[in-house]
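> sequence first, predicted model second:
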Amino acid sequence: MSEHETYDRLVALLDEQGALYRVIDHEPEGGTERVSELRGNSLAQAAKCIVVMVKVGKKVTRYVLAVVPGDRRVDLNAVKALLEGTYVSFAAREAAERLAGSVSGTVLPFSFDEKLELVVDPDLLENEEIFFNAARLDRSLALDTKDYQRFAQPRVEPVAD
């Protein structure tokens, strides 16, 4: 799936479900701090999306899309413990981009791939709106947090450092 297909799929889902969201066009940027400045949101409102690889024993590999507030980092050990893993690391860029359906810096806080488990830190959900790059470096969405939870149906666990 290309970035534009991922973007179109997300917007179609949000429109179909009547979600409250705003599209924010900005200069191309994938870094959480810089893009938050361009959008005018606090770092705590930014959904930082990181694909993590967890080995469970020697034969099972699982992937988690860990979503944390933009002013925090993913706690890899928390993700490892959550999945009862034996090894954890950031996913290889190629695997992360394939599973997410978009390039690094534009990963959505949604999973459209059954092999990518969505886990969101509860602190992000304390905001009325969350902000994220919408599978594009030049476009972001501000999405009502209640709508986000309703559509994404994330597993909510403390995974932020």
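Everything's here; your move.
> hmm, which helix or strand of this protein has the shakiest average pLDDT?
Within the chain, no helix or strand scores below helix 3-16, which has a mean of 90 by mean pLDDT, DSSP states H and E.
> who does whatever helix or strand comes next after it pair up with?
Scanning forward in sequence from helix 3-16 by DSSP states H and E, the next helix or strand is strand 21-25. With DSSP bridges as the test, strand 21-25 is paired with strand 139-144 (antiparallel).
> let me know the angle separating the partner strand from helix 3-16.
Per axes from the mean of the first three to the mean of the last three Cα atoms, to 10 degrees, the angle that strand 139-144 makes with helix 3-16 is 30 degrees.
> how far off centre is stretch 6-20?
With Cα atoms, centre = their mean, to the nearest Å as the basis, stretch 6-20 stands 16 Å off its chain's centre.
> distance from the least confident helix or strand of the chain to the middle of the chain?
Mean-position distance between helix 3-16 and its chain equals 15 Å (Cα atoms, centre = their mean).
> what is it packed up against?
strand 129-136, strand 139-144, helix 145-152 (3 or more Cβ pairs under 8 Å, 6 or more residues apart in numbering; DSSP states H and E). Any C-beta I mention is one placed from the backbone N, CA and C, and that applies to glycine too.
> most tightly surrounded among those?
Most buried of the helices and strands packed on helix 3-16, by mean neighbour count (mean count of other Cβ atoms under 10 Å): strand 129-136, with a mean of 24.
> quick one: stretch 112-127 to chain centroid distance?
In terms of Cα atoms, centre = their mean, the centre of stretch 112-127 is set 7 Å apart from its chain centre.
> now stretch 74-94
Stretch 74-94 sits 15 Å away from the centroid of its parent chain (Cα atoms, centre = their mean).
> what's the answer for stretch 134-153, then?
Computed by Cα atoms, centre = their mean, the chain-centroid distance of stretch 134-153 equals 9 Å.
> quick check: end-to-end length of it?
With Cα to Cα, to the nearest Å applied, stretch 134-153 spans 18 Å between its terminal residues.
> what does stretch 26-44 give?
Using Cα to Cα, one end of stretch 26-44 lies 19 Å from the other.
> and what of stretch 8-25?
Stretch 8-25 has its terminal residues 15 Å apart, counting by Cα to Cα.
> ok, back up a step: need the helices and strands packed on helix 3-16 in JSON lines (columns: distance to Asn41 and mean pLDDT).
JSON lines is the format used below for the helices and strands packed on helix 3-16 (distance: least, Cβ to Cβ, whole Å; pLDDT from 0 to 100):
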{"stretch": "strand 129-136", "distance to Asn41": "4", "mean pLDDT": "96"}
{"stretch": "strand 139-144", "distance to Asn41": "7", "mean pLDDT": "98"}
{"stretch": "helix 145-152", "distance to Asn41": "12", "mean pLDDT": "96"}
